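Asker: How does the following fold in three dimensions:
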Amino acid sequence: MSSSAHRWAHLVPLIAVQAFGLACGLVSVRWSSALLPPDVLGFFGLLISTQLFGTTVTHQGVIKHLQRAWTPDLPVRSYLRRLARAAVPANLLLAAGLTLFFALLKITTPGEFSFAWWPWLIAVNFAVILAHLAHAAVQAEERYWAHFLIFAVGAATRSFLPLALAASCGLTVAMLSGGFFLHTVIWAAVGCYGVRAAWQRQGAVAALPADAPTPMITAFIGAGLCGWLGLTAPRLLAPLILSPDDTGYFMLALNLAGVIPAAVCLIGLSYTFPPLLAAARTGAHTAQLLATTNRTVLHALVIGQIALGLLAFSGPQLVGLIIDPRYTSSLQWLLAAGGGILASVSHSFYGNLLIALNRETTCFRLSALSAGFRLTAMAALAFTGHGEWFRLGLTLLPWPTAALEAWLVGRWVRVSEQKHP
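Answerer: Numbers count the residues shown, from 1 in each chain. Model (predicted):
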């Protein structure tokens, strides 16, 4: 298969993933806005903001190592035993991190969070980690339609199971969270079923220090933590400045607008990283790679901002069709909610550039400075106490964030070239 045909074979399932996820998301927004009171939706949105802590922070290196090591000939049982041993510190860190995050949620929402939620956080995160490991395995085997099928089950159960349980058993956060837990279990089970044939492989994995999981697991914890904090900050800071009802409107806007930055990021990264990596391997000049990445980031932000603008412009037409009339106030948050998530997209493209230049260790510095800038900006906006400033700041945040990252990466690259001409 030619490289162009191979890329399309990957791109078409990716587009199908986004199209199916968008369809599920739109139906879910319509149902949730008609079914749930704003205060219940706001609290549930805070609760599920923790469900990616494991995959993006503590276990990001575990997933990346499996994605790199997994082949159709890999002795899976031996490899997974080795990976599980290396992941023990990450498991402990996950429990500690969720404990701290639980304490933060309890402080910001007094009287809402009981200690019974802590085991829920742990169980949901481990189920999501397992599902992401299955996704990484089928993608490493280039089974892109298998990836689509696993994703489709996950998207459908996430969108509809919590709402179905709440509709049938009571409009409470307990029912919503119970349905969400069932979603993660089903998603993980289908993912494991998708890689069931791999369990038949026998043999042992050679203990090669260069391919040991522990260094990669450790390296990505810091970068993942910074990235996760920057991405989750809008959900965490909204209750500090908004009323419970307005927080619910903001959460609905996040659910609706968030699909646009997610699609831009996933399709853009999958489409641009292979040629970027190939160009780096064939000796392309660093300045050329940086310029290519700058153009990619500019295109991603422009496309994302235009799409968010079209969504906000068409918002009034969505009332009654997608959004229940009692959630009409969420329309004013669409640009802000989407902007807060879009601000995290450029970091991923510049991170890929650093990986292509064999500067993985610099990814943590980029993540820390980028997330620090976004957190500082959003916290300052939140603590002004003015909702309008918070809304405007989130809307514009992608642009100063990308400018800072472009300047930092460009500076680091030029300094590196001067030291190693």
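Asker: what's the spacing between the nearest residue to residue 230 once chain neighbours are set aside and residue 188?
Answerer: Excluding the flanking residues, the one nearest residue 230 by C-beta to C-beta, 6 or more residues apart in numbering is residue 371, at 3.6 Å. Every C-beta, even on glycine, is put in place using the N, C-alpha and C of the backbone. Using C-beta to C-beta, to the nearest Å, one gets 28 Å for the distance from residue 371 to residue 188.
Asker: Surely residue 236 and residue 49 touch.
Answerer: Yes. Contact criterion C-beta atoms under 8 Å: residue 236 and residue 49 qualify, at 7.1 Å.
Asker: How far does the helix or strand encompassing residue 120 sit from its chain's centre?
Answerer: Per DSSP states H and E: residue 120 is located in helix 117-140. Computed by C-alpha atoms, centre = their mean, to the nearest Å, the chain-centroid distance of helix 117-140 equals 13 Å.
Asker: May I see the buried residues of the helix or strand following that helix?
Answerer: Later in the chain than helix 117-140, the nearest helix or strand by DSSP H and E is helix 144-169. With burial defined by 16 or more other C-beta atoms under 10 Å, the residues of helix 144-169 counted as buried are 144, 146-167.
Asker: how about low-confidence regions in the stretch 251-400 of the chain?
Answerer: 270, 274, 385-387 (pLDDT under 70).
Asker: Spell out the residue ranges of the helices in it.
Answerer: For the stretch 251-400 of the chain, helices defined by DSSP state H, counting those that start in this stretch occupy the ranges 259-281, 286-313, 315-318, 334-342, 345-356, 362-383, 387-396, 398-419.
Asker: Nearest to residue 229, out of those?
Answerer: helix 362-383 (5.4 Å; C-beta to C-beta).
Asker: Residues contacting the closest one, please?
Answerer: 219-220, 222-224, 226-227, 229-230, 233-234, 237-238, 240-241, 340, 343-344, 347, 350-351, 354-355, 389-390, 393-394, 397, 400-401, 404-405, 408-409, 412 (C-beta atoms under 8 Å, 6 or more residues apart in numbering).
Asker: all strands for the stretch 1-150 of the chain, in order.
Answerer: With strands called from DSSP state E, counting those that start in this stretch, the stretch 1-150 of the chain shows none.
Asker: Got the domain ranges for this protein?
Answerer: 1-211, 222-421 (automatic domain parsing).
Asker: gap between the longest one and the chain center?
Answerer: Using C-alpha atoms, centre = their mean, we find the averaged C-alpha position of domain 1-211 to lie 10 Å away from the chain's own average C-alpha position.
Asker: now swap in the shortest one and tell me
Answerer: Using C-alpha atoms, centre = their mean, the mean C-alpha position of domain 222-421 is found 11 Å from that of the whole chain.
Asker: Buried residues in stretch 27-47, which are they?
Answerer: 28-33, 35-36, 38-47.
Asker: mind listing what residue 37 touches?
Answerer: Here residue 37 is in contact with 171, 248 (C-beta under 8 Å, 6+ apart).
Asker: ugh, typo on my part, it should be residue 126
Answerer: Counting by C-beta under 8 Å, 6+ apart, residue 126 has contacts 54, 94.
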